[in-house]
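Asks: Coordinates for the following, if possible.
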Amino acid sequence: MAAISTLFLLFLIPIIPLSLLFILALIVRPKPIKIPIKSRHVFITGGSSGIGLALAQRAASEGARVSILARSATKLDEAKQTIKLATGVEVATYSADVRDYNDVSKAIDESGPIDVLIVNQGVFIAKELVNHSPEDVKFTIDVNLVGSFNVIKAALPAMKARRDRGPASISLVSSQAGQVGIYGYAAYSASKFGLQGLAQSLQQEVIADDIHVTLVFPPDTDTPGFEEEQKSRPEVTAIIAASSGSMKTEEVAKKAMDGIKAGKFTVSCNFEGFLLSLATTGMSPQRSFWLAFVEVITAGPIRFTALFFQWDWYNAIEKWSKAKNRK
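Replies: Next up, the predicted model:
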């Protein structure tokens, strides 16, 4: 009898995970998709520097027709020359402020129907909220969040009206600080957290139009903006940020573009980001039943890992506070 019970348990061990995989394969939505880049119109905001410039260069090298938008006409001209030298491709440039819907709409209409829209613009000012001016907060949210609404709203009618052009993509470049709040990033995190709700809702609205949403979560990235931010970020922010390394713009651009082409809803750029995505997946869509399986079975351990990181961060804040008070 004991031998039969043991054999029955051994039979159940593989059946349970296989049954879960089968169920997930039936229920994960949206279904897997591939987004072509070659010979298609890729429009990138914040495309004159940093991750946006690296994405534009990669798209051009893969045979896309590329348009980039930014505020500074001078930086756009420099970016255009950089891309031409690197790829031999001439990109179109548009100078506009994403906070101005009419300005953005005019540029997008002029550029023509978009197949792959990458909403990449972003600003950040690392300060404790008590030291933030109301103008700083408004500027951050207007550029990062309201600007994203403006860009998508301006591009969406033509994207929805396209015919026989294959699947389209709308990608939003968020941040790991858009998954977890970080000391000194109150305004920035709030603006980037907002992109999660925008992306989830938008995917439901445009899936019937064969438009697929991607949300990219880069870590600290070696961009001109990051270099400036490091000069003034609070000491505690620097201590916490040291626990996760930075990446090169080209590395992030490759991860982002590969994720866009694979139709992923969530794109993590490094291993820490992958763990963070598992811990914060919530109600995000998941196209891969394999990744859905990992999310389900690791929910407990990943939550424990998240709590460990929180302990580490709050411990760092406590030590910093005590040291500060001793001075």
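
Asks: where does Ser277 land on pLDDT?
Replies: With respect to pLDDT, Ser277 has a value of 88.

Asks: My reading is that it is in a helix; is that accurate?
Replies: Yes. The assignment for Ser277 (DSSP: H, G, I helix; E, B strand; the rest coil) places it in a helix.

Asks: the helices in the stretch 201-327 of the chain, which residues?
Replies: With DSSP state H, counting those that start in this stretch as the criterion, the stretch 201-327 of the chain has helices at 224-232, 235-241, 249-261, 271-279, 289-297, 299-326.

Asks: Could you pull up the mean pLDDT of the third one?
Replies: Taken as a whole, helix 249-261 carries a mean pLDDT of 96.

Asks: Report the buried residues of that helix.
Replies: Thr249, Glu250, Glu251, Val252, Ala253, Lys255, Ala256, Met257, Gly259, Ile260, Lys261 (16 or more other Cβ atoms under 10 Å). The way it works is simple: take the backbone N, C-alpha and C, and place the C-beta from them, glycine included.

Asks: sorry, back to before: just the helices of the stretch 201-327 of the chain: most buried one?
Replies: Comparing the helices of the stretch 201-327 of the chain by mean neighbour count (mean count of other Cβ atoms under 10 Å), helix 249-261 ranks first with a mean of 21.

Asks: helices or strands up against that one?
Replies: helix 50-61, strand 116-119, strand 168-173, strand 211-217, strand 266-268 (3 or more Cβ pairs under 8 Å, 6 or more residues apart in numbering; DSSP states H and E).

Asks: nearest to Leu275, of these?
Replies: Leu275 sits nearest to strand 266-268 of all these, at 8.3 Å, using Cβ to Cβ.

Asks: Contacts for that closest one, please.
Replies: 214-217, 255-256, 258-260, 274, 276-277, 281, 284, 286 (Cβ atoms under 8 Å, 6 or more residues apart in numbering).

Asks: do stretch 76-86 as well
Replies: By Cβ under 8 Å, 6+ apart, the list of residues contacting stretch 76-86 reads 47-49, 53, 56-57, 60-61, 66, 68, 70, 89-91, 93-95.

Asks: One more: stretch 222-240?
Replies: Outside stretch 222-240, the residues within contact range by Cβ under 8 Å, 6+ apart are 49-51, 122-128, 182-185, 220, 241, 246-249, 313, 316-317, 320.

Asks: Report the residue spans of the stretch 1-150 of the chain with pLDDT below the cut-off.
Replies: 1-14, 16 (pLDDT under 70).

Asks: which stretches of it form helices?
Replies: 2-27, 50-61, 73-87, 101-111, 134-141, 147-161.

Asks: Mean neighbour count, these: which tops it?
Replies: Most buried among these, counting by mean count of other Cβ under 10 Å: helix 50-61, with a mean of 26.

Asks: Okay, Glu251 and Ala92: tell me how far apart.
Replies: Separation of Glu251 from Ala92 (Cβ to Cβ, to the nearest Å): 26 Å.
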